[in-house]
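> the following comprises the amino acid sequence and a computationally predicted model.
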Amino acid sequence: MDLVTALPETTARKLGLVIDLDICVGCHACVVNCKEWNTSGYGAPLADEDAYGDQPVGAWLNRIHTYEVKPDKGLAQIVHFPKSCLHCEDAPCVTVCPTGASFKRAEDGIVLVEEDWCIGCGLCAWACPYGAREMDPVEQVMKKCTLCVDRIYNENLPEVDREPACVATCPARARHFGDLADPESDVSKMVAERGGFDLMPEQGTKPVNQYLPPRPKTTGFDEPPADLVSLAEPAAGGFLGWLDRVLEKV
Amino acid sequence: MTIFQRKPLDPSPYVSDEVRKTTCYMCACRCGIDVHMRDGKVRYIQGNRDHPVNRGVLCAKGSAGIMQHYSPARLRAPLKRVGPRGSGQFEEISWEEALTTAASWLKPIRDTDPAKLAFFTGRDQSQSFTGWWAQQFGTPNYAAHGGFCSVNMAAAGIYTMGGAFWEFGQPDWERSKMFMIFGVAEDHDSNPIKLGLSRLKERGAKIVGVNPVRTGYNAIADEWIGITPGTDGLFILSLVHELIRSGKVDVDYLRRYTNAAHLVIKDKGAPDDGLVARDETGEALVFDEKSGTVTGWKKIATTAALKGEFRLADGRIAVPGFQLMAQKYLDDAYAPDTVATRTGIPAATIRRLAAELAHTAFEEEITIDQPWTDWRGERHEKMIGRPVSFHAMRGISAHSNGFQTCRSLHLLQILLGSVECPGGFRFKPPYPKHFTHHPTPHGMAIPSSPLGGPHLGYPRGPEDLLVDPKGDPVRIDKAFSWEAPLSVHGLMHMVISNAVAGDPYEIDTLFLYMANMAWNSSMNTRGVMEMLEAKKENGDYKIPRIIYSDAYSSEMVAYADLVLPDTTYLERHDCISLLDRPICEADAAADAIRWPVVEPDRDVRGFQTVLLQLGVKLGLPGMTAEDGSAIYKDYADYITRHERKPGVGPLAGFRGENGEKSGRGAPNPEQIQRYIDNGGFWVNHIPDEALYFKMANAAYQDWAVGMGLFDKPQPYVFDLYQEVLRKFQLAAEGHGKRQPPDHLREQVKTAFDPLPTWYPTSAETGGGRERFPLHAITQRPAAMYHSWGSQNAWLRQIHGENPLYVPGEVMDALNLTEGGWAWVISEHGRIRVPIRRTDAVNARTLWTWNAIGKRKGAWALSENAPEARKGFLLNHLINELLPPKGDGLRWSNSDPVTGQAAWYDLRVRIEPAEETGLVPAVAGQVSPVGRGPKTVRYGKEWTS
């Protein structure tokens, strides 16, 4: 007998996102397009309390966090870090749920909330080490990324649109969607090539979503590359002599 | 079996009844959008995959369109002011009353002195129409917002190479190997740059971000150059110094495609000293090394001398412009070691970047096997590419040295041979277009008559200035006067200040569209609010009448006497026209429409339709038939039937009676429907042989003529040495009939160098550097478009307040507290603001987000909205005038060439504040639309 609070032992597919931190410019396109799609989508709307008031608070399924990093040597950097549910294989939000409202689908690994069963206790949000769940301030049910489960299989949409809204809209093409259980999928290959990593692996949640690290930056204080040093030779022979040399090369 | 069964999930829930394709207006990028409609409401907006601008993606602003369209701040009906100016007290009136009132104010002006109307349109995307309307009215006082945005970029680009960035051109994202982006925050343009950066990264190209602040695009750049504001020109010319010194310039390119070989007269003191030597037909002369003669340049493609002194027929000496350039830029003033401290960029970095640019341009040359023929008739077997490209915007533009800085950047890319070649910077039709193929400005007002031509244009010399016989400005903003001779976009930021001062004259009616001049779109915000309220001794307002059109309850609405409520962008017709600021790509001509995908539910009208209706009441030519009836039913009808010249109208697609013509063709009554059927836009691809070297490419020139962009082929060469500038300098030196007033002579001599140059900004002079050691600038966030964003329930949760970011060194040196408050003091004023620490910034630069702060009561927000408590404007620290110099004159805080508002010149100092809370605390305005609802649950009716 299945327990409603149990995780599937394996899932046939592991659908998830690959997010490229090297190209995310922190523009919030994914954040807003997600809200726009999902407020009329799966479950209750993503409501906004005090929407035009002193302390507007709304429910979002995806947010961008911005960090400033100052290395010991070199210039400070800014990293934009989009974060939504990572659809973990060992999702603590599912096992902690007292009603079975939180569950992980066996067929594709998507973690969802059965909103009719949700009592709004908030245990799952406490259990999630990523802070990826938000209580809707008006509806008082737990909201989380559904990987746009109402888009990815939706025959009312053209096939090309059957991907999560955040992926379709990302202007920097920093977000990718696919099956991370399939080593031949584009997303799996991308993870292999770019050294994709688990967020906070020490938590043992086995997140499906993967992040691609920023490529190393130029520090800004390098010496010129050796093969170009000749460029820095001082001009000889005065201005007209220099001009002759330039023109002779043509 | 479980006891509880989960509801089976419907994999294909219903989405929408219909998808309507139109054009976004959440910022200025004009992306294509698919609007999903359900039950007559907007269900979802996504990017249009087929659209040339955004190719399916959509930014945060565009994705928040639902909240903009249903914003509680939307105006609902025409308003008549009933309280004092600025209070926000109005009563609703009918459109008939509104239009009759406006006509009763404007008719006497037109019949007596049309200049008494100042008509300025802000973020207007219909300038070819609004400008035409103003021309029919006959006032010389019309412009849009370019003067406080990026006119330096546009003017420097047109005068140097016949086009600039953004609407004018784009990097070759598919082929560029090194890309430098200057002074761009996270916008302008939004989606195309992000798509392009992504493509560059995918291809392994190097991205260098030059910006004092390392956010947005600069955060993901491979190398960040945290330059000191106002010194970009110095940095660029130091790169030029290195390239010339090491001989890394494309000499063949310079000879073929630029005026580098054109002979410049050397005859000190003569009235034509420094002008280009010409033959009797006006053709510029070069020295042909092959024949050993001085001759017209057009026949000499590759053998014109770039150095030497040559004797002209009249016995005088002339030298090639390139020699003047080499002499100027080899000077130690531009050496990396000289400029390092001032720019904040180590000399070694400058040398290395110059070397990398040269290496990429010349050692990593690319070729496309595509034969093409140039305008001289020479066939080229391949297209040779120099794969380095550049983009820049307001960061280098909004300075008092911005024009010459932008020119310097164009010089740099032209020296590398990387303009209009594969891998370089590419023009978008109708550019490239030489400045002599643009109109000159027109400003002669005659009562009851249209103006003789377009307001804005490109002066060829002092003879084209708009000054009266005494030398005084003809326009209220003093555009095209000696204060700003090449102000090709006007000076909207000076209109209110000048009108209130009666300098150069008083006006009767100020008519504004979509320009929040009483808040974030003015320098010196509080001062401008006071000016709008200022009264004469007799109790009349100094600006007697203000008409304003906006869709929303902005700060400016409170200052209007008459408010004409506009529609939202989903309720209106528009054309994104080739006559205006088109959406073309380097590979194609393109234009687009907006159409009412939702019908207005309020008593509002599209502003352009209102202008036509007002025009008929005034009997304006072009829109009024002989019997006094309207020629055009509404703006859509104008878009369809108006012709600027035979066969050329606002939209280039689906012309001809059956819609079969592109570019030129008779008006097609079904044209707008054809656009709708085509996804809201039209594209016409440029033939392969015409894709590059467009300014010199015979096939491109022919294609452009066929498309109606030009009437005949008009190839040209780039103006590295700009003779127009020299003509103004000569006037300042005492030559010619039109000379600047004495107090402006030195300014004109310095700023109008015919070669790109650098001088310190106005704020650096007069002890400004010492008293105000820091810079303060704004960045526009990617998720907010100026003032519009804060009424948006979703976007305001992302940017609801804006701290001032302070460099760590400054925080430590002054003992400032993270999360505390500080005073920021400029020559003009002081503000108290919240602060935060950052190190990802130039060490002498403070910064904050642009236009988050709001006046209490505006935009249907609550009185204590974070935007009004913790959102502030840097504008309070900037004046539209420079500090008085003791000469009794008003010196504009603008670029002396173009009049561009120099708001990035700002210098400040910062001090800890004991108290908290924003200063200045501006009193609130009454909201004519009430407050927004407490709760938003958009889409509730469609959720399960």
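Structure received.

> grab the most central residue of chain B for me.
B:S150 (3.8 Å; C-alpha atoms, centre = their mean).

> and that one, what does it touch?
By C-beta atoms under 8 Å, 6 or more residues apart in numbering or on different chains, the residues touching B:S150 are B:H188, B:M393, B:R394, B:S397, B:A398, B:Q900. All C-beta atoms are positioned from the backbone trio N, CA, C, and that covers glycine.

> in JSON lines: those, plus secondary structure, distance to chain A and pLDDT.
Output for those, formatted as JSON lines (DSSP: H, G, I helix; E, B strand; the rest coil; distance: C-beta to the nearest C-beta, whole Å; pLDDT from 0 to 100):
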{"residue": "B:H188", "secondary structure": "coil", "distance to chain A": "13", "pLDDT": "79"}
{"residue": "B:M393", "secondary structure": "coil", "distance to chain A": "15", "pLDDT": "93"}
{"residue": "B:R394", "secondary structure": "helix", "distance to chain A": "18", "pLDDT": "92"}
{"residue": "B:S397", "secondary structure": "helix", "distance to chain A": "21", "pLDDT": "96"}
{"residue": "B:A398", "secondary structure": "coil", "distance to chain A": "22", "pLDDT": "96"}
{"residue": "B:Q900", "secondary structure": "coil", "distance to chain A": "27", "pLDDT": "97"}
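
> redo the residues you listed as JSON lines? Include distance to B:G706 and neighbour count.
Shown next, in JSON lines, are these (distance: C-beta to C-beta, whole Å; neighbours: other C-beta atoms under 10 Å in any protein chain shown):
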{"residue": "B:H188", "distance to B:G706": "31", "neighbour count": "23"}
{"residue": "B:M393", "distance to B:G706": "32", "neighbour count": "24"}
{"residue": "B:R394", "distance to B:G706": "35", "neighbour count": "26"}
{"residue": "B:S397", "distance to B:G706": "34", "neighbour count": "30"}
{"residue": "B:A398", "distance to B:G706": "38", "neighbour count": "28"}
{"residue": "B:Q900", "distance to B:G706": "36", "neighbour count": "36"}
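
> before we move on, the earlier item: for the closest residue to the residue nearest to the centre of chain B other than its chain neighbours, which residues are in contact?
Ranked by C-beta to C-beta, 6 or more residues apart in numbering or on different chains and with sequence neighbours excluded, the top spatial neighbour of B:S150 is B:S397, at 4.6 Å. By C-beta under 8 Å, 6+ apart, B:S397 lies in contact with B:C149, B:S150, B:V151, B:N152, B:M153, B:G183, B:T405, B:C406, B:Q900.

> hang on, isn't the last one packed against B:F148?
Right, B:Q900. Yes: using C-beta atoms under 8 Å as the test, B:Q900 is close enough to B:F148 to be in contact (7.4 Å).

> spit out the residues that contact those two alike.
In contact with both B:Q900 and B:F148: B:A398, using C-beta under 8 Å, 6+ apart.

> the nearest residue to B:E571 once chain neighbours are set aside in helix, strand or coil?
Excluding its sequence neighbours, the residue lying closest to B:E571 (C-beta to C-beta, 6+ apart) is B:P600, at 4.6 Å. Under DSSP: H, G, I helix; E, B strand; the rest coil, the three-state class of B:P600 is coil.

> near chain A, which residues of the stretch 251-400 of chain B? Just list them.
Within the stretch 251-400 of chain B, the residues that sit near chain A (C-beta under 8 Å from any C-beta of the partner chain) are B:251-252, B:306-307, B:323, B:326-327, B:330, B:346, B:348-349, B:351-352, B:354-356, B:358-359.

> quick one: B:R352 is in a strand?
No: counting by three-state DSSP, B:R352 is located in no strand; its state is helix.

> look at it and report its pLDDT.
pLDDT recorded at B:R352 is 94.

> residue ranges for the helices of chain A, please.
Remark: helices assigned in chain A by DSSP state H are A:29-38, A:92-95, A:123-127, A:149-152, A:165-169, A:186-194, A:238-248.

> so what touches the fourth one?
Contacts made with helix A:149-152 from outside it, assessed by C-beta under 8 Å, 6+ apart, are listed as A:15, A:37, A:41-42, A:110, A:112, A:157, A:161-165, A:177, B:9-11, B:13.

> PyMOL command to pick out the buried ones of those residues?
Typed into PyMOL, the line below selects the buried ones among the contacts of helix A:149-152, using 16 or more other C-beta atoms under 10 Å in any protein chain shown:
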select buried, (chain A and resi 15+37+41+42+110+112+157+161+162+163+164+165+177) or (chain B and resi 9+13)
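
> neighbours around the residue nearest to B:E91 when sequence neighbours are not counted, how many?
Once flanking residues are discounted, B:E91 sits nearest to B:V82: 5.2 Å by C-beta to C-beta, 6+ apart. B:V82 is flanked by 9 other residues according to other C-beta atoms under 10 Å in any protein chain shown.

> contacting residues for B:V82?
B:V82 neighbours (C-beta under 8 Å, 6+ apart): B:Q89, B:F90, B:E91.

> what does the last one show for phi and psi?
Read that as B:E91. phi -130, psi 150 (degrees, to the nearest 10).

> that one against B:A77, yeah?
No: with contact defined as C-beta under 8 Å, B:E91 does not reach B:A77; the gap is 9.6 Å.

> where in chain A is pLDDT low?
A:1-3, A:218-243, A:245-250 (pLDDT under 70).

> thinking again about what came up before, of all the contacts of B:S150, which comes closest to B:R771?
When the contacts of B:S150 are ranked by distance to B:R771 (C-beta to C-beta), B:A398 comes first, at 21.9 Å.

> need the pLDDT of the nearest residue to the closest one once chain neighbours are set aside.
Closest residue to B:A398 apart from its sequence neighbours, by C-beta to C-beta, 6+ apart: B:Y904 at 4.3 Å. B:Y904 carries a pLDDT value of 97.

> quick one: the strands in the stretch 651-800 of chain B, in order.
B:681-685, B:774-779 (DSSP state E, counting those that start in this stretch).

> can you tell if the last one touches chain A?
No: contact of strand B:774-779 with chain A is not found when judged by C-beta under 8 Å from any C-beta; the minimum separation is 11.8 Å.
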